[in-house]
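Novice: Sequence and predicted structure, then a few things I'm wondering about:
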Amino acid sequence: MLLADLLDLVLPATCAGCDEPATGPLCEQCRAALAAVRPGRTRPVPEPPGLPPVFALAAYAGSVRRMLIQYKERNRHELAPVLGGLLARVVAASVPAGAGPVTLVPVPATSAAARRRFGDHVDRLAVAAAATLRRRGAEVRVEGLLRALPKREDSTELSATERARAAAQAFAVRGRGRPVGGAVILVDDIITTGSTLAASTARLAAAGVRVHRVAVLAATQRAA
């Protein structure tokens, strides 16, 4: 068997954004389209109390949606550097001026989800984003301050009020928590209702960690 045939068995031969033939994770057209996207402020409707300002790269649609599904549910881990680089752009757009060092706090997956996906997908993106930002001269670190508790029920069948209540019970702070200097950016892949991000922020605040901004790759609501 030729080397190209062997590689086809290991590496996908289609673009994760449009399913067209590609020699890497994305085709040239999708790369160009994503390079032109500018991160912006987004707000879920209704906006849950306590949610910090949220910045997103794009709406959860089209090539961005397909990329995230391929990454999360199809285990295309080769997309981590690409998506991490995109997340780095969102983080850079979200950081308040003069904030100093940046700490990225990933919203953690449950142990069951991490096993299913061969690792925590958001933590992997946060590490890739931090590496990208450091190469640009920024002082950035990743801190796993949150721990996901086992889910008690499927949130897809819950009302907005029930989802908020479930989110409030979904996380714990690792250890006793501690103050973190500079800008603290909570990072996730997608924002839907904002309940999970608001609950994570509240847990961190109770431990003495103030979240200044939230950075996500995609928003199910249109950016403001």
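Specialist: Arrived safely, thanks for sending. Numbers count the residues shown, from 1 in each chain.
Novice: Can you give me the separation between the spatially closest residue to L204 that is not a sequence neighbour and A88?
Specialist: Spatial nearest neighbour of L204, excluding adjacent residues (C-beta to C-beta, 6 or more residues apart in numbering): V211 at 5.6 Å. The C-beta positions use only the backbone N, C-alpha and C, and glycine is treated the same way. Distance, V211 to A88, using C-beta to C-beta, to the nearest Å: 18 Å.
Novice: where does the residue nearest to L204 fall, helix, sheet strand or coil?
Specialist: coil (DSSP: H, G, I helix; E, B strand; the rest coil).
Novice: distance of it from A56?
Specialist: Distance from V211 to A56, by C-beta to C-beta: 16 Å.
Novice: try P101
Specialist: Relative to A56, P101 is positioned 23 Å away (C-beta to C-beta).
Novice: now do A129
Specialist: Separation of A129 from A56 (C-beta to C-beta) stands at 14 Å.
Novice: what about the longest strand in the chain?
Specialist: Secondary structure of the chain per DSSP state E: the longest strand is strand 183-191.
Novice: Run the chain-centre distance for it.
Specialist: Mean-position distance between strand 183-191 and its chain equals 6 Å (C-alpha atoms, centre = their mean, to the nearest Å).
Novice: ok so, going back, so P101 and A56 - more neighbours on which side?
Specialist: Using other C-beta atoms under 10 Å, the more surrounded residue of P101 and A56 is A56, with 29 against 13.
Novice: which ones are touching that one?
Specialist: Shown in contact with A56 (C-beta atoms under 8 Å, 6 or more residues apart in numbering): P39, G40, T42, V90, I191, A215, V216, L217, A218, A219, A223.
Novice: now do 6 Å
Specialist: A56 sits next to T42, V216, A219 when contact means C-beta atoms under 6 Å, 6 or more residues apart in numbering.
Novice: Show the model's pLDDT score for it.
Specialist: The score at A56 is 98. That number is its pLDDT.
Novice: if you go through this protein in chain order, where are the strands?
Specialist: Under DSSP E, the chain gives strands at 40-42, 54-59, 102-106, 140-142, 146-148, 171-173, 183-191, 213-219.
Novice: Adding distance to T14 as columns, could you present those in a markdown table?
Specialist: Compiled in a markdown table, the strands of the chain are given as follows (distance: least, C-beta to C-beta, whole Å):
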| stretch | distance to T14 |
| --- | --- |
| strand 40-42 | 29 |
| strand 54-59 | 21 |
| strand 102-106 | 28 |
| strand 140-142 | 31 |
| strand 146-148 | 32 |
| strand 171-173 | 36 |
| strand 183-191 | 21 |
| strand 213-219 | 20 |
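Novice: Low-confidence ranges, this protein, go.
Specialist: Along the chain, the model assigns pLDDT under 70 to residues 1-12, 152-167, 175-179, 221-224.
Novice: Do a quick rundown of the helices in it.
Specialist: With DSSP state H as the criterion, the chain has helices at 3-10, 28-35, 62-73, 80-94, 111-116, 121-135, 160-168, 195-206.
Novice: quick one on the thing from earlier: could you list the paired strands of the longest strand of the chain along with their orientation?
Specialist: strand 102-106 (parallel), strand 213-219 (parallel) (DSSP bridges).
Novice: roughly how far apart are G17 and V82?
Specialist: From G17 across to V82, the span is 9 Å (C-beta to C-beta).
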